[in-house]
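S.K.: 3D model of this:
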Amino acid sequence: MHIGWIIRLTIDQTAPHLIRDRKHPSAATTFDRCFIGSELTDWLMNSTMSSSHVKVRSRKQAESVYQVLYENKVIYAVFPQSSTSSQEEDCFQDRYAFYRFCFDDAEDGQAQSLMAYFRQTVPPDEGSLIDALFENLSYLLQMAPEATLRQILRKK
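M.R.: Got it, this is the predicted structure:
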């Protein structure tokens, strides 16, 4: 959860336009505070491009990093929502699909208390935040291959 908050906060500081209210062409409603899977993949690859410590080298690797967050319910599908009958789609996908960080659920009391806790523990300045991002991304990159394997096994 902590790395999810660090990613969310880094997006707020470096690319706030990624998370906003959106309307999907095939839906009649507007979805609050969400992002597009392919745009977040682009952001992660671009954010690590200049890093000497951590690099996300492919879109599939970035997708696997987000799959770890997806499996841990840090991010979830907003539109199209995954159905329980189709396990193939119950994963993070690098495409035009809407996702949301659990922290952005204003009605969820648990998300609000987590945000209050993380605000106290995450450094607010951009330099320290980027350092925390790279430090935690290395952990996510270690977990990503297992998430990809679980994703492949679910499809079979």
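S.K.: By residue count, tell me the biggest helix in the protein.
M.R.: helix 126-155 (DSSP state H).
S.K.: Point out the other helices and strands that it packs with.
M.R.: helix 2-14, helix 37-49, helix 59-71 (3 or more CB pairs under 8 Å, 6 or more residues apart in numbering; DSSP states H and E). Placement of C-beta: from N, CA and C, glycine included.
S.K.: Contacts for the second one next, please.
M.R.: Applying CB atoms under 8 Å, 6 or more residues apart in numbering, the set of residues contacting helix 37-49 from outside is 10-11, 14-15, 18, 54-56, 59, 62-63, 65-66, 92-99, 133-134, 137.
S.K.: where does the protein have low pLDDT?
M.R.: 82-89, 106-112, 114-124, 126, 156 (pLDDT under 70).
S.K.: hmm, back to that, what residues of the longest helix of the chain count as buried?
M.R.: Neighbour-count burial for helix 126-155, counted by 16 or more other CB atoms under 10 Å, picks out 129-130, 132-134, 136-137, 140-141, 143-144, 147-148, 151.
S.K.: Ignoring the adjacent residues along the chain, who's closest to residue 67?
M.R.: residue 147 (4.1 Å; CB to CB, 6 or more residues apart in numbering).
S.K.: residue contacts, the one you found?
M.R.: 64, 67-68, 71.
S.K.: how far away is residue 23 from residue 94?
M.R.: Look at residue 23 and residue 94: by CB to CB, to the nearest Å, they are 21 Å apart.
S.K.: Check residue 45 too.
M.R.: Applying CB to CB to residue 45 and residue 94 gives a distance of 10 Å.
S.K.: ditto for residue 76
M.R.: Residue 76 is 16 Å from residue 94, by CB to CB.
S.K.: if we can go back for a sec, looking at the helices and strands packed on helix 126-155, which is nearest to residue 80?
M.R.: Nearest to residue 80 among those is helix 37-49; the distance by CB to CB comes to 11.2 Å.
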